[in-house]
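J.: have a look; sequence and predicted model below, questions after that.
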Amino acid sequence: MIFDDWRSWTLSKNDALLIAGPCSAENPDQLSTVAEHLQKLGVSIMRAGVWKPRTRPNSFEGKGIEALKWLQELKQRIPIKVATEVASPQHAEAAIKYGMDVLWIGARTTVNPFLVQEIANTLKGIDVPILVKNPINPELALWQGAIERIYNTGNKKVAAIHRGFSSYQKSKFRNTPSWQIALELKSTFPSLPLICDPSHIAGNRHMIFEISQKALDLGYDGLMIETHPNPDEALSDADQQVSLQGLSDTLDQLRFAQRHSSDALFISQLEQLREKIDQIDQELVEILSMRKQLIEKIGDYKKENNVTVFQLERWNEILNSRTDWGQSKNLSAKFIQEIYRAIHDESIRIQTEIMRKETEKK
């Protein structure tokens with residue numbers, strides 16, 4: 001699947017695709033103030049939600065068609081592209097009718113393949129960029145599927161928005177980034193533009209710069225940042241919206257790194273380091289193979305002695321000791337634990353397979 005480069009549908013000269021604007025379109029004055037500021041900053045697209053489905057009722061849920069009319073009128077006065085969220089075929093039809101330049105499918109919609117397909121069918125043949133946010137839960141297949149449904153209508157102006165994932169675990173984030181999921185999506189679709197939404201990942205304006213910089217350092221193509229003239233008075237998601245000056249400060253501080261370098265010395269040194277990493281990785285694979293052989297022998301012994309595959313005491317011993325070993329070498333506890341959980345899962349799978357084969361023989 002080959003997607004259009006984002007520069008082809010934004011005409012932006014920036015190093016990254018920049019999208020910014022209020023969480024919700026609240027009134028014409030608010031939109032004008034934001035649009036004028038964004039134009040001065042060179043931000044190529046203004047975002048503004050007009051339908052705001054909330055988790056619970058009796059809160060501000062957007063102005064709908066009325067807000068679309070504000071945005072349509074705004075575009076006639078200020079030369080800026082406008083993006084808005086659509087959550088149904090009816091939303092998509094209305095957004096196109098009132099001249100919205102870019103549409104995005106939100107996290108709550110991405111989880112529903114039937115609804116995504118209905119929106120895709122409605123937009124078939126319409127030359128408008130579609131941005132697809134990741135689903136609420138960390139399910140890569142749902143994200144991929146939504147993108148494929150849009151692409152299969154013939155639209156190559158598609159991009160992904162990474163806005164983080166819900167989690168029951170306590171976290172400093174509103175939505176856990178789980179960066180590896182977004183990077184795996186990019187590995188699957190290399191030409192797909194990948195945009196970070198630090199506002200929804202953070203949940204508070206004080207983390208916007210930190211998350212934005214990390215995304216750019218990871219090679220993301222752009223950012224979608226929520227901004228408001230008076231964030232504390234915003235009718236939705238007040239905590240995560242930065243002020244207009246805050247947006248300016250954030251963009252001024254961001255470092256936009258290049259994906260490649262033509263410097264001969266840099267390339268030579270990088271290749272040398274990568275060769276050493278390749279050698280170490282080969283040794284790691286050899287060691288994992290040796291470990292697998294030992295696991296198979298343990299599985300045979302457990303089978304012969306009718307002992308359960310999972311041994312809680314041994315697992316706790318492994319997890320604790322390896323964590324200590326890692327930390328003594330300046331490796332993070334989380335990193336070591338994730339590695340050994342994967343290794344342990346594979347060990348359980350191997351031993352379970354040995355037990356299953358014995359059961360089938362009987």
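T.: Perfect, I can see it now.

J.: identify the bridge partners of the residue most central in space within the chain.
T.: The C-alpha lying nearest the average C-alpha coordinate of the chain belongs to residue 162 (CA atoms, centre = their mean; 2.1 Å). With beta bridges defined as DSSP bridges, residue 162 has these partners: residue 196.

J.: please tell me I have it right and it contacts residue 198.
T.: No: in this structure, residue 162 is not within contact of residue 198 by CB atoms under 8 Å, at 9.4 Å. C-beta coordinates here come from the backbone N, C-alpha and C atoms, glycine included.

J.: what is the burial count for residue 104?
T.: Residue 104 is flanked by 24 other residues according to other CB atoms under 10 Å.

J.: that one: what's it in contact with?
T.: Residue 104 makes contact with 47, 83-86, 130-133, 161 under the criterion CB atoms under 8 Å, 6 or more residues apart in numbering.

J.: ok, back up a step: ok, now which ones touch the residue nearest to the centre of the chain?
T.: Contacts for residue 162 were tallied using CB under 8 Å, 6+ apart; they are 133-134, 177, 182, 194-197, 201, 215, 220.

J.: apply 6 Å and report the result again.
T.: In this structure, residue 162 makes contact with 134, 182, 196, judged by CB atoms under 6 Å, 6 or more residues apart in numbering.

J.: give the rounded mean pLDDT of the helix or strand hosting residue 275.
T.: Element membership for residue 275, per DSSP states H and E: helix 264-304. In this model, helix 264-304 has an average pLDDT of 92.

J.: that one: how far from the chain's middle?
T.: On the basis of CA atoms, centre = their mean, to the nearest Å, helix 264-304 is displaced by 30 Å from the centre of the chain it belongs to.

J.: confirm residue 320 sits in a helix?
T.: Yes: judged by DSSP: H, G, I helix; E, B strand; the rest coil, residue 320 forms part of a helix.

J.: count of residues packed around it?
T.: 11.

J.: cool, and residue 146?
T.: Here the count is done by other CB under 10 Å, and residue 146 has 28 residues near it.

J.: am I right that it sits in a helix?
T.: Yes: the assignment for residue 146 is a helix, going by three-state DSSP.

J.: return the residues in contact with it.
T.: Residue 146 is in contact with 110, 116, 132, counting by CB under 6 Å, 6+ apart.

J.: who wins on neighbours among the residues you listed?
T.: Note: the member of those with the most neighbours is residue 132, at 29 neighbours, neighbours being other CB under 10 Å.

J.: how about the contacts made by it?
T.: When contacts are counted by CB under 6 Å, 6+ apart, residue 132 is found next to 105, 146-147, 160.

J.: direction included, what does the helix or strand where it lies pair against?
T.: Using DSSP H and E, the element containing residue 132 is strand 130-133. Paired with strand 130-133 in the same sheet, following DSSP bridges, are strand 102-105 (parallel), strand 158-162 (parallel).

J.: just the CA trace of the shortest one, in CSV.
T.: Right, the one you point to is strand 102-105. Taking C-alpha atoms only, strand 102-105 is exported to CSV below (Å, rounded to 0.1, in the frame of the first residue of the first chain):
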residue,chain,number,x,y,z
VAL,A,102,-9.4,17.4,6.2
LEU,A,103,-11.4,14.8,8.2
TRP,A,104,-10.4,12.6,11.0
ILE,A,105,-11.9,9.4,12.4
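
J.: which parts of the stretch 51-200 of the chain are helices?
T.: Taking DSSP state H, counting those that start in this stretch as the criterion, the stretch 51-200 of the chain contains helices spanning 65-77, 89-97, 107-110, 113-123, 140-151, 179-188, 198-202.

J.: of those helices, give the one that comes closest to residue 210.
T.: helix 198-202 (8.0 Å; CB to CB).
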